[in-house]
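In: Dropping the sequence and predicted coords here.
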Amino acid sequence: MKDQGIRRLTAEEKDESIKLSAFAFQFSLTPEVWEQRRRTLNPDHVWGYFIDGRLAAKAAVLPMRIWLNGRSIPMGGVAGVATWPEYRRQGLIRQLLQHALGAMREEGVAVSFLHPFYIPFYRKFGWEVVADAVTLEFPPAKCEGFAMRGAMRRIEQPMEELELLRGLYGRYAARFNTMLDREAEWWEHRVLAHERLCYCYVDASGEPQGYMLFTLKDRLMHIAEWVCLSREARDGMLAFIANHDSMADKVELKRSANDRLPFLLNDPRITQMRKPHVMGRIVDAQRFVREYAFLPGAGPTRIKLRIADESAPWNDGEFLLAIDADGRGSLTPAHAGSDGADAPSLACHIRALSAVLLGDLRPVHLYEDGLLTGEAAAAEALEARVPMTPTDLIDFF
């Protein structure tokens with residue numbers, strides 16, 4: 001058996017990739033949807049593992065951007081990871097993921113996200129849960145009592161008002177970590193490709209302050225996107241939901257785990273289902289620290305940091321983490337100098353470091369849990385320099 005190894009797909013191999021996805025994720029496609037998949041699939045974004053010239057396994061790495069502490073940075077979105085059954089348990093996916101990590105690093109991508117089918121599987125390769133989502137279920141009447149000071153304007157052709165929606169979303173997304181910085185193509189093929197009602201909230205002064213994408217079917221109001229930039233917009237959109245009490249028995253809305261909406265309801269006893277939503281991974285720790293916006297401090301912070309990373313050996317080792325008074329960071333190999341000889345030390349896996357710098361988890365909490373080890377002073381010093389930016393992610397890829 002001749003093993004041809006790993007390479008990017010060609011245009012002629014699109015159908016085989018789609019066929020593998022349909023088998024692995026157990027869905028069927030109409031001819032129209034199949035053709036749409038062929039048009040939007042970029043083979044350059046898919047790594048394939050070929051055996052005897054046949055596609056045995058694959059993993060896509062989508063070039064995307066995310067918001068992180070108010071900055072937009074490149075992110076590699078891992079998706080469509082699949083293997084034909086006759087090639088399973090041969091380590092093909094391990095090799096594909098490790099190859100993808102190296103390729104991302106070469107392309108200057110310092111962080112990667114994915115939606116896991118099985119969290120323990122991806123933890124083996126350094127990804128960690130960085131954002132949870134809570135699905136709220138409640139009758140529309142739970143939203144009574146909120147004022148509509150402006151108006152909800154129906155948008156008949158969302159693609160014709162794409163810049164309005166992009167602007168509202170962008171201002172909202174920049175407030176969170178892990179949110180996508182969406183390209184226009186993502187809006188066209190992912191966000192607005194579905195048949196949904198689209199309403200924009202316009203405040204009392206005539207300024208757009210939010211929007212809602214939703215469906216109403218079988219007495220269920222499913223809100224796919226909810227973006228509001230002000231308290232007035234939030235209250236007005238809740239009043240809008242309450243007005244659907246004659247058409248819907250239940251509202252379904254997915255929110256960030258940090259969202260205070262349930263608390264604000266007159267009767268907050270509603271169904272709340274919290275689940276891990278996305279896993280993240282630092283691909284290149286040194287580049288990532290250079291791009292990261294730490295909190296300013298009274299002076300510099302230095303920490304000796306031992307990172308374990310079996311799948312990305314360039315991250316595995318002893319480093320000096322230095323953060324200046326303005327919040328600019330650097331991560332240099334410990335042998336490169338002796339400036340950090342007296343710095344307190346920490347040790348962790350790349351998973352814990354990713355959870356702290358990308359997600360909601362705090363250094364002192366992971367230190368208490370034993371996922372950061374070393375000197376308490378080092379954990380406290382890191383705690384003081386990591387922003388408390390909430391996480392959210394509306395999209396799925």
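Out: Arrived safely. Numbers count the residues shown, from 1 in each chain.
In: Tell me how far the closest residue to G145 other than its chain neighbours lies from R219.
Out: Once flanking residues are discounted, G145 sits nearest to N266: 5.2 Å by Cβ to Cβ, 6 or more residues apart in numbering. All C-beta atoms are positioned from the backbone trio N, CA, C, and that covers glycine. N266 is 22 Å from R219, where distance means Cβ to Cβ, to the nearest Å.
In: Now the longest strand seen in the chain: buried residues?
Out: In the chain, ranked by residue count with DSSP state E as the criterion, the top strand is strand 54-68. Neighbour-count burial for strand 54-68, counted by 16 or more other Cβ atoms under 10 Å, picks out 55-62, 64-68.
In: Which two of those have the greatest separation?
Out: Within the buried residues of strand 54-68, A56 and W67 form the most distant pair, 36.2 Å apart (Cβ to Cβ).
In: quick one, domains of this protein?
Out: With domains defined by automatic domain parsing, the chain comprises 3-109, 140-248, 283-383.
In: Those domains: which one's closest to D259?
Out: domain 140-248 (9.4 Å).
In: so where's the stretch 1-150 of the chain shaky on pLDDT?
Out: 1-3 (pLDDT under 70).
In: repeat that for 80
Out: Residue ranges of the stretch 1-150 of the chain with pLDDT under 80: 1-4.
In: Same check on the stretch 251-397 of the chain?
Out: Ranges of the stretch 251-397 of the chain meeting pLDDT under 80: 335-341.
In: 90 instead?
Out: For the stretch 251-397 of the chain, the stretches with pLDDT under 90 are 334-342, 360.
In: Break down it into its helices, ranges please.
Out: Ranges of helices in the stretch 251-397 of the chain, per DSSP state H, counting those that start in this stretch, are 261-264, 285-291, 350-358, 363-368, 376-383.
In: Can you say which of those helices is packed in most?
Out: Mean neighbour counts were taken over the helices of the stretch 251-397 of the chain using mean count of other Cβ atoms under 10 Å, and the top value, a mean of 26, falls to helix 350-358.
In: other SSEs contacting that helix?
Out: On a contact count with 3 or more Cβ pairs under 8 Å, 6 or more residues apart in numbering; DSSP states H and E, helix 350-358 meets strand 128-138, strand 271-282, helix 285-291, strand 301-308, helix 363-368.
In: okay if I get those as JSON lines plus distance to G150?
Out: Below are these laid out as JSON lines (distance: least, Cβ to Cβ, whole Å):
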{"stretch": "strand 128-138", "distance to G150": "23"}
{"stretch": "strand 271-282", "distance to G150": "28"}
{"stretch": "helix 285-291", "distance to G150": "38"}
{"stretch": "strand 301-308", "distance to G150": "45"}
{"stretch": "helix 363-368", "distance to G150": "40"}
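In: So which of the ones you listed is nearest L9?
Out: strand 271-282 (23.0 Å).
In: Direction-wise, compare the closest one with helix 350-358 and give the angle.
Out: 110 degrees (axes from the mean of the first three to the mean of the last three Cα atoms, to 10 degrees).
In: Name the residues of strand 271-282 that come out as buried.
Out: Neighbour counts using 16+ other Cβ under 10 Å place H277, V278, M279, G280, R281, I282 of strand 271-282 among the buried residues.
In: now swap in stretch 334-350 and tell me
Out: Residues of stretch 334-350 classed as buried: A334, G340, A343, P344, S345, L346, A347, C348, H349, I350 (neighbour count, 16+ other Cβ under 10 Å).
In: go on, stretch 308-326?
Out: Neighbour-count burial for stretch 308-326 flags D309, S311, A312, N315, F319, L320, L321, A322, I323 (criterion: 16+ other Cβ under 10 Å).
In: which residues of the stretch 1-150 of the chain fall in helices?
Out: 14-24, 31-40, 92-106, 119-123.
In: Quick check: which of these is buried the most?
Out: Among the helices of the stretch 1-150 of the chain, helix 92-106 has the highest mean neighbour count (mean count of other Cβ under 10 Å), at a mean of 19.
In: Alpha carbons of it, as CSV, please.
Out: Taking C-alpha atoms only, helix 92-106 is exported to CSV below (Å, rounded to 0.1, in the frame of the first residue of the first chain):
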residue,chain,number,x,y,z
LEU,A,92,-4.7,9.9,10.3
ILE,A,93,-6.6,12.7,12.1
ARG,A,94,-3.7,13.2,14.6
GLN,A,95,-1.3,13.7,11.7
LEU,A,96,-3.8,16.0,9.9
LEU,A,97,-4.3,18.2,12.9
GLN,A,98,-0.6,18.4,13.7
HIS,A,99,0.1,19.2,10.0
ALA,A,100,-2.6,21.9,10.1
LEU,A,101,-1.1,23.5,13.2
GLY,A,102,2.3,23.7,11.5
ALA,A,103,0.7,25.2,8.4
MET,A,104,-1.2,27.8,10.4
ARG,A,105,2.0,28.8,12.2
GLU,A,106,3.8,29.2,8.9
